[in-house]
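have a look at this prediction, sequence included:
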Amino acid sequence: MIVIFFLLGLIIGSFLNVVVYRLNVAETLLGRSYCPHCKNQIRWYDNIPLLSFILLNFRCRNCRAKISWQYPLVEFFTGIVFALVGSRFFDPIDMSSWVITLYYLGACSMLVAIFVYDALYLEIPSLVLWPAIGWSVAFNLYFDWVDRGNWVILGNWGILNLHTFSGVLAAAVGFLFFFVLVAVSREKWMGWGDALLAILLGLILG
């Protein structure tokens, strides 16, 4: 099962590389991948995560330009993250674990895209950040709706037990902290994107 999650992570990591590149050049995510140097479309057998990078000797088949190490590294580490999430949360006979696993896989994928984009271009991509925030809010609401019966049965109802409230509270505290740093330093210590990223992290961590 861990191998399956790792292979899925490789595929998603390859897609995240496309997302990062095309967000930067303001291109649609639709359409086949192409070499950023010669612009030739990449054949399907040259687009296999990790494997094609090795078989092509780290170069484009057409123009022989070097392929950035960013691509296999993002694929590999996304695979590792997916394997860790799967081993921690997924139980094939427990349907609730499927939803939890989906949530964390989606959140981690968007965090990887944000991390890579920020590392390359020193900017938090809003086109990834805001969907990630919406993703977390939607799942927090869902988890609260699913857990509503346990509050009565187990007698452990409390506002801090609400995923939504806990997440929003953590998001507000995190945002306020970084907002002060940004405002006081006039963006010399931190940027506004970092303050907004704290919202996402608060919603995920609670």
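Thanks, I have the structure now.

which SS state does Ala138 fall under?
Here Ala138 is recorded as helix under DSSP: H, G, I helix; E, B strand; the rest coil.

show me which residues of the helix or strand containing Ala113 are buried.
Ala113 belongs to helix 95-121 when assigned by DSSP states H and E. Of the residues in helix 95-121, those buried by neighbour count under the rule 16 or more other C-beta atoms under 10 Å are 100-101, 103-118. All C-beta spots, glycine's among them, are computed from the backbone N, C-alpha and C.

which parts of this protein are helices?
2-24, 51-55, 70-89, 95-121, 126-146, 148-153, 163-185, 192-205 (DSSP state H).

show me what the first one is packed up against.
Judged by 3 or more C-beta pairs under 8 Å, 6 or more residues apart in numbering; DSSP states H and E, the packing partners of helix 2-24 are helix 70-89, helix 95-121, helix 126-146.

adding mean pLDDT and distance to Phe15, write the ones you listed out as CSV.
Output for those, formatted as CSV (pLDDT from 0 to 100; distance: least, C-beta to C-beta, whole Å):
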stretch, mean pLDDT, distance to Phe15
helix 70-89, 95, 9
helix 95-121, 95, 8
helix 126-146, 93, 12
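
in TSV, list the ones you listed along with distance to Tyr45.
TSV is the format used below for the helices and strands packed on helix 2-24 (distance: least, C-beta to C-beta, whole Å):
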stretch	distance to Tyr45
helix 70-89	16
helix 95-121	25
helix 126-146	29
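
count of neighbours near Phe82?
27 (other C-beta atoms under 10 Å).

need the contact list for the closest residue to it other than its chain neighbours.
Nearest residue to Phe82 in three dimensions, chain neighbours excluded: Gly9, at 3.0 Å (C-beta to C-beta, 6 or more residues apart in numbering). Neighbour list for Gly9: Glu75, Thr78, Gly79, Ile80, Val81, Phe82, Ala83 [criterion: C-beta atoms under 8 Å, 6 or more residues apart in numbering].
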